[in-house]
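**Q** Show me the folded form of this:
(3 chains, ligands or ions: 3)
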Amino acid sequence: MARYLIRRVVMLVGIVFVISVGAFYLIHLLPGDPAVVILGTGDSPQNRAILFKELGLNKPIWDQYFIWMRNILHGNLGTSFISQTSVAGTIRAALPIDLELIVLSQILAFATAIPAAMRSARKPDGPLDRVLGATSFTLLSIPPFIIIVLLVLFIAIKLQIPHTGPSSYVSFSSDWIGNLESLALPAFTLAIASFVVYYRVLRSDLIATLQEEFITLARSKGLSSRRIMWRHAFRPSSVALLGTAGVNIGGLLASGFVVQYLLAIPGLGYTLISAIAQSDYLLVQGIVLVVSVGVIVINFLFDFIINLVDPRISRE
Amino acid sequence: MSDQLEELTLINRPEKSRPLGLLFWICVGWVGLNIFGAIFANLLPLPDPLFQNYSAINVGPGIHHLLGTDDLGRDIFSRIVFGSRVSLAVGAGAMLIGFGLGAPLGMLAAYRRGRFDAIFTTFMYVLLAFPAIIATIAVLSFWTPRALVKIIVVIGLASVPLVYRVIRTATMGIATKDYVVAARIQGATDTRILFKELLPNVAPIGVSFLLIGIATVITLEGALAFLGLSVNPPTPSWGNMINESRTVLAQNPWLVIFPSLALCLFLLCLNFIGDRLRSHFDVTEVKL
Amino acid sequence: MSDRLLEVRDLATTFATAGGPLPAVGGVSFDLNQNETLGIVGESGSGKTVLSRTIMGLQPRTNVTVSGSARLNGFEVVGASEEAKRGIWGTEVAMVFQDPMTSLNPVMRIGKQIDEVLRVRLGMDKAAAKARAIELLELVGIPSPVERYRAYPGQLSGGMRQRVVIAIALACSPKLLMADEPTTGLDVTIQAQILNLLDRLKSQLQMSVILVTHDLGVVATRTSRIIVMYAGRVVETGSTRDVFQNHRMPYTRALLESSPKVASHSHTRLQAIPGRPPNLMKLTAGCAFAPRCAYATERCHRERPELTAAEGPGHAFACWNPLPTTRGAS
Ligand SMILES: Nc1ncnc2c1ncn2[C@@H]1O[C@H](COP(=O)(O)OP(=O)(O)O)[C@@H](O)[C@H]1O
Ligand code: SF4
Ligand SMILES: [Mg+2]
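**A** Ligands and ions are numbered 1, 2, ... in the order given. Reported below is the predicted structural model:
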């Protein structure tokens, strides 16, 4: 276990390094003088001086990287010359909305996918399994950006349900019920996308696990089906589920961007798209870095949880 | 013991040798129709997708405009047909890059094993850990001005690690089978084994994954277009059309419903064909 | 008889498979008394596992048809609901499975796997269950049971795991223990240990045992009666002595000659049974053994022989051309 952990941590550090180089280099993808592009509408002699000092733009590229990295390790992602605010501060304000969206959607997705997969696996090819199978297959082909548009069309616009339409976001601190209402459609949209994947992965693993001899042994102990399902079948079957959930986080965040964009919910996604529209490249860079590192770290945590769930993995 | 296991799996997977079925061929037909429309859009008797007819704005479906017009008076049906070009170009182009690089590497790594395999696999897994869609958004937002070719290249490169992993896993399963081992022992050349023994067996897996990969890539392009990061308007694409309809959702819901339907139906057909082929060839679930 | 524990009558199990119905067990009848040990022998694929699971009512829940009757201590297993059967599983009848590598839950500590039965079936509290589980581990001969209590199955050897499986089976003091090839998956040196353990536990705990095996050597000294199965049917049955010494059915002889331990006793050369077991989905009207039988006649291919009584008590065989009796000669 310890060796396994060390190996994973080394890998994690390596990946984060690669990401940081990538994120750093993004600015240099831009055609023309980086200073001009970064300063954008905020191009003035003073700002130019600050920028050169902050990024070391006249130094060799590796020095630039180390200066940039040192700033980041001090929590300084730079100052946007377009909005005149600190990038880290903007991200800190937006991030909780993404987290809330993800947590809400994952609660919904797991709470529905697990029981659904269990019912399907109990009778593979039974009527319920067929219905769920066809439904999930169809939903698999409907991208989140279409789901959210259709939901908004029918629920917010046709049914006129308050707090569900575009630009009706309410912050948690001002009114938490309103906040949940305004996140209901986005969370539901993300939950559908996750449900489909979780349901399918867990169903096929449960069906395989239920064929195992130790399930027959559990049956021969006189345990209830419910107990066998939860205590004996679920845990060994949840490895792929957790792995998928971990890998899914990146896609989930991206889907979150889409729903935020449509409803003008001021999370990272909305901020990112606005920043791209305003050519606020430092902010874009900061968000890309934070999101990528966040995804990698969450992935790593999931790997760790999987090890706790199934002791066989780290022993192999 | 082993034939008992076989029989058990037989029972649990009755679809193993199921025929492809009518629905499969309907899906193939639909995909074919879309490809035909995309290629010959210019020759078809369609109104100009960019022509703004201000005397027919937000018209519902009818005789003059099959699926109605948008808020600028452009013909929706024509825009959907022309818009399919973007999706299809991205799907085909990106997968060409993804498979062109990922598949040979994956096969070679699985066949050679050893150091070659170790280095490439570690490298690809590092890339895999990085969320493709976020990488794509990041690169596309910096690599301006946006153009279809750039989008195809970025999405294509982002898909390489995934293709590599699928093909490598599939090849490894086959490379250890008796007949391949036997061919190796009998001194068949590497090229011969790769092309005569491995390729024909990996191909079905590759094809079914290819279709699902195309669907995934098209979805990704749609999401980018929806966020305004794909080809620039007024060029029609399914994602662009859905994006543009946001502002007039209340006045003209057809504007979102038709392109959504076009996209979802196309994806559904691709996924269905891929899935059917997969169970037809008895390929175990490949997770995307 | 009052000490009758199990009555099996005309028991048949058929699986619905993609290739058609598969009659894994057909028309099996026998009785078992309290404290008796019965051996069921036959080649791999002859239906021993299916038979023993059907007797317990533990067959798969879908795609199976069971007919006939199996009364366990007055409880009719055939046709009983899963819920009703749960009432006898563990307490009346328990099973030791063939492969201890797959029959324990790999992600649950072994202590918990024993505790669970005690708590769910006997309503013990946590502390009592743990104490009892450790006692059981000790009973089946696991060294330092307190530490082993927290181990995962993957941390134990095959023999140790099989002991754990036995401990689970014994947890609710069943009246009947089904041991389905309990030693097949184990090293030869461990096999005898496990069989001796079962013997000891049987007399210590006053159980009846059904010992299923493909190896006649295993049952030679441990059973009072034996059932020989072929293609899902009983082809010979009788006291262990009769089956070993006065068998009349050619298949029984073939089995004996293929068993290393037994064959060396009778000074014959070790011989594998020629041919392969029949495909159960393509059984003919005749004797299922006919394609492999040296004594087969035209009648054997046409008509299936029923069990016919022989001289010894309870001895019967199914064969048109039985081997000559050696009773009294030896
Ligand atoms: N769940 C099942 N579905 C279909 N056939 C089965 C199933 N279980 C066992 N069988 C078949 O029943 C026959 C008897 O198997 P089994 O009882 O396991 O034999 P044994 O234990 O004597 O080796 C075999 O041909 C096997 O393939
Ligand atoms: S009935 Fe015929 S074929 Fe069957 S065992 Fe007896 S002699 Fe052999
Ligand atoms: Mg068996």
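
**Q** what's around the closest residue to B:Met124 other than its chain neighbours, how many residues?
**A** Nearest non-adjacent residue to B:Met124, counting by CB to CB, 6 or more residues apart in numbering or on different chains: B:Pro161, 4.2 Å away. Any C-beta I mention is one placed from the backbone N, CA and C, and that applies to glycine too. Using other CB atoms under 10 Å in any protein chain shown, B:Pro161 has 25 neighbouring residues.

**Q** same deal with A:His74?
**A** By the criterion of other CB under 10 Å, A:His74 has 9 neighbours.

**Q** which residues touch the residue of the stretch 101-250 of chain C found nearest chain B?
**A** Distances between the stretch 101-250 of chain C and chain B by CB to the nearest CB are smallest at C:Thr184, namely 9.5 Å. C:Thr184 makes contacts with C:98-99, C:213-214, as judged by CB atoms under 8 Å, 6 or more residues apart in numbering or on different chains.

**Q** In three-state terms, label it for me.
**A** coil (DSSP: H, G, I helix; E, B strand; the rest coil).

**Q** Got the phi and psi for it?
**A** With angles defined as degrees, to the nearest 10, C:Thr184 sits at phi -60, psi -40.

**Q** ok, it to chain A distance?
**A** Computed as CB to the nearest CB, to the nearest Å, the C:Thr184 to chain A distance reads 13 Å.

**Q** Repeat that for C:Ser67.
**A** Distance of C:Ser67 to chain A, computed by CB to the nearest CB: 21 Å.

**Q** close enough to count as contact, that residue and C:Asp10?
**A** Yes: counting by CB atoms under 8 Å, C:Ser67 touches C:Asp10, with 7.2 Å between them.

**Q** circling back: for the residue nearest to B:Met124, pull up the helix or strand it's in.
**A** Secondary structure assignment for B:Pro161, by DSSP states H and E: helix B:148-175.

**Q** how far out from the middle of the chain is the following helix or strand past that helix?
**A** As assigned by DSSP H and E, the chain's next helix or strand after helix B:148-175 is helix B:178-185. How far helix B:178-185 lies from its chain's middle: 34 Å, per CA atoms, centre = their mean, to the nearest Å.

**Q** what sits against the residue nearest to B:Met124?
**A** B:Pro161 makes contact with B:102, B:124-125, B:127-128 under the criterion CB under 8 Å, 6+ apart.

**Q** where does the chain have low pLDDT?
**A** Just so you know, I chose chain A. Under the criterion pLDDT under 70, the flagged ranges of chain A are A:1, A:32, A:313-316.

**Q** sorry, should have said chain C
**A** For chain C (pLDDT under 70), the answer is C:1-2, C:261-271, C:326-330.

**Q** change it to 80
**A** C:1-2, C:185, C:259-275, C:325-330 (pLDDT under 80).

**Q** For chain B, what is the nearest residue in it?
**A** C:Ala18 (5.0 Å).

**Q** Next, give phi and psi for that residue.
**A** Dihedral angles (degrees, to the nearest 10) for C:Ala18: phi -60, psi -30.

**Q** now the helices for the chain?
**A** Answering for chain A, as no chain was given. Ranges of helices within chain A are A:2-29, A:34-39, A:45-55, A:61-73, A:87-122, A:127-140, A:144-151, A:176-210, A:213-220, A:225-227, A:235-263, A:268-277, A:281-309, A:312-315, based on DSSP state H.

**Q** Oops, wrong one, chain B.
**A** With DSSP H, the ranges of helices along chain B come out as B:2-12, B:21-39, B:76-112, B:114-129, B:132-142, B:148-175, B:178-185, B:190-192, B:199-226, B:238-245, B:254-280.

**Q** Ok, chain C next?
**A** Ranges of helices in chain C, per DSSP H, are C:48-56, C:82-86, C:110-122, C:126-139, C:145-148, C:158-170, C:188-205, C:216-219, C:240-245, C:250-258, C:260-265, C:298-302.

**Q** can you redo those as TSV with distance to A:Asn47?
**A** Putting those into TSV (distance: least, CB to CB, whole Å) gives the following:
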stretch	distance to A:Asn47
helix C:48-56	80
helix C:82-86	76
helix C:110-122	65
helix C:126-139	68
helix C:145-148	68
helix C:158-170	71
helix C:188-205	79
helix C:216-219	89
helix C:240-245	99
helix C:250-258	92
helix C:260-265	91
helix C:298-302	100
